[in-house]
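Undergrad: coordinates for the following, if possible.
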Amino acid sequence: EIYCTEVTGSFFEVAMSAHEQDSFLIAMCENAEVFFGMLAAIDVENSQAWNPEDLKRIFKVVADEVGFSKLNSKVKAKMREWVDATLKESLGAVGRDNEEQVRIKLSYATTLCATARWDEALDLYEQCLTVCKEVDGEHGLSVAAIYNNKALVYQSKGESGDCLDLFQAALNIRRRALGPRHRLVADTLNNIGIEFRRQGRFADALSVYDEALQIRLLMAGEMAISTTRENSLSPAEEHDQLSVADSFHNIGIVYDAKGAYERAIKNYQRALDIRISILGKNHLDVAVSLNNLATVYESQVPDKKNV
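TA: As a prediction, the model looks like this:
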């Protein structure tokens with residue numbers, strides 16, 4: 001159906017009741033990343049139809065006219081456009097108080113970032129920051145979140161100027177409000193480490209990466225040490241352990257850049273083991289870990305013609 005709207009120039013809409021639309025907006029405001037994670041996982045070849053013969057005919061048309069890979073891209077783009085329009089329309093709805101407007105604007109900013117519309121996202125973050133400072137005060141957690149998100153946008157744009165100051169402001173607020181051992185503190189430290197690494201400040205990057213790792217190991221507990229799973233994990237437990245894997249991976253990148261290949265391999269391997277145990281072998285993050293390991297092994301081979 002989405003492909004038909006594309007080739008015929010028809011208007012695309014998702015039919016929802018008023019209650020369903022409100023629920024969707026609430027879900028997007030609470031965690032837009034869930035939606036974009038679902039969007040990233042779309043694969044047309046996994047589609048189903050009530051009549052198997054219909055599915056065969058549809059798949060033949062897809063294969064002959066557009067191809068599955070290209071159609072996946074079209075479906076994702078069309079859904080992003082629809083979410084963008086839905087959030088933008090909701091901003092103009094009457095009767096929404098400042099708090100609700102801020103939630104929607106923050107969710108909309110997330111969709112803008114997903115499509116690299118950095119300047120529009122920064123404008124929304126600045127609007128929200130003004131309101132959040134008035135409501136929560138200069139040291140509110142909502143203010144810290146916006147500082148962190150603005151820094152991520154500048155980082156994505158390759159503009160390092162204000163990144164560290166914004167990350168540091170977010171870190172100071174989160175430490176004060178949440179204590180030194182909290183997931184958000186670890187996430188902010190990790191972001192600071194990424195910026196240090198981008199600037200070639202490897203010693204500083206390792207320092208904050210290690211601090212983030214220690215917090216994440218504490219959050220994950222003993223399960224992060226073992227890569228064998230006897231029981232299923234909750235989404236929160238999986239998130240904690242994948243965060244540990246991310247820390248090991250980031251530390252490996254720094255050692256790799258420094259030419260400390262044995263330490264790089266050790267950290268890459270620990271990240272890989274955790275990722276396989278949680279995500280399985282056929283996941284993009286697993287592929288990234290394998291690729292980085294292969295690159296390190298290749299760099300240690302004197303005659304690369306034989307690699």
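Undergrad: which parts of stretch 66-82 are buried?
TA: Across stretch 66-82, burial judged by 16 or more other C-beta atoms under 10 Å covers 66, 71, 74, 75, 76, 78, 79, 80. In short, each C-beta sits where N, CA and C put it, glycine included.
Undergrad: what's that stretch in contact with?
TA: 2-3, 5-6, 12-14, 39-40, 42-45, 62, 111, 114-115 (C-beta atoms under 8 Å, 6 or more residues apart in numbering).
Undergrad: stretch 142-151 too?
TA: Here stretch 142-151 makes contact (C-beta under 8 Å, 6+ apart) with 102, 106, 109, 122, 125-126, 128-129, 132-133, 135-137, 162-164, 166-167, 169-170, 173-174, 177, 184, 187-188, 191, 195.
Undergrad: quick one: low-confidence ranges for the protein?
TA: Along the chain, segments meeting pLDDT under 70 span 30, 92-97, 222-231, 301-307.
Undergrad: ok so, going back, what subset of the contacts of stretch 142-151 is buried?
TA: 102, 106, 109, 122, 125, 128-129, 132, 163-164, 166-167, 169-170, 173-174, 184, 187-188, 191, 195.
Undergrad: which of these fall in helices?
TA: 102, 106, 109, 122, 125, 128-129, 132, 163-164, 166-167, 169-170, 173-174, 184, 187-188, 191, 195 (DSSP state H).
Undergrad: in the helix or strand harbouring residue 209, what's buried?
TA: Element membership for residue 209 (DSSP states H and E) is helix 202-220. Counting neighbours by 16+ other C-beta under 10 Å, one finds that the buried residues in helix 202-220 are 202, 204-206, 208-209, 211-213, 215-217, 219-220.
Undergrad: find the nearest non-adjacent residue to the residue nearest to the spatial centre of the chain, please.
TA: By C-alpha atoms, centre = their mean, the chain has its centre lying nearest to residue 33, at 6.5 Å. Computed as C-beta to C-beta, 6 or more residues apart in numbering, the closest residue to residue 33 that is not its neighbour in sequence is residue 110, at 7.2 Å.
Undergrad: residue contacts, that neighbour?
TA: So residue 110 contacts 32, 33, 36, 121 (C-beta under 8 Å, 6+ apart).
Undergrad: compare the residues you listed and tell me which is most surrounded.
TA: residue 121 (25 neighbours; other C-beta atoms under 10 Å).
Undergrad: Three-state assignment for residue 139, please.
TA: The three-state assignment at residue 139 reads coil, by DSSP: H, G, I helix; E, B strand; the rest coil.
Undergrad: I misspoke; the intended subject was residue 16.
TA: Using three-state DSSP, the secondary structure recorded for residue 16 is coil.
Undergrad: count of neighbours near it?
TA: Counted with other C-beta under 10 Å, the neighbours of residue 16 add up to 12.
Undergrad: so it makes contact with residue 24?
TA: Yes: Residue 16 is within contact range of residue 24, at 6.6 Å (criterion: C-beta atoms under 8 Å).
Undergrad: packing partners for the helix or strand hosting residue 39?
TA: According to DSSP H and E, residue 39 maps onto helix 32-40. Secondary-structure packing of helix 32-40 (3 or more C-beta pairs under 8 Å, 6 or more residues apart in numbering; DSSP states H and E): helix 18-30, helix 68-91, helix 98-114.
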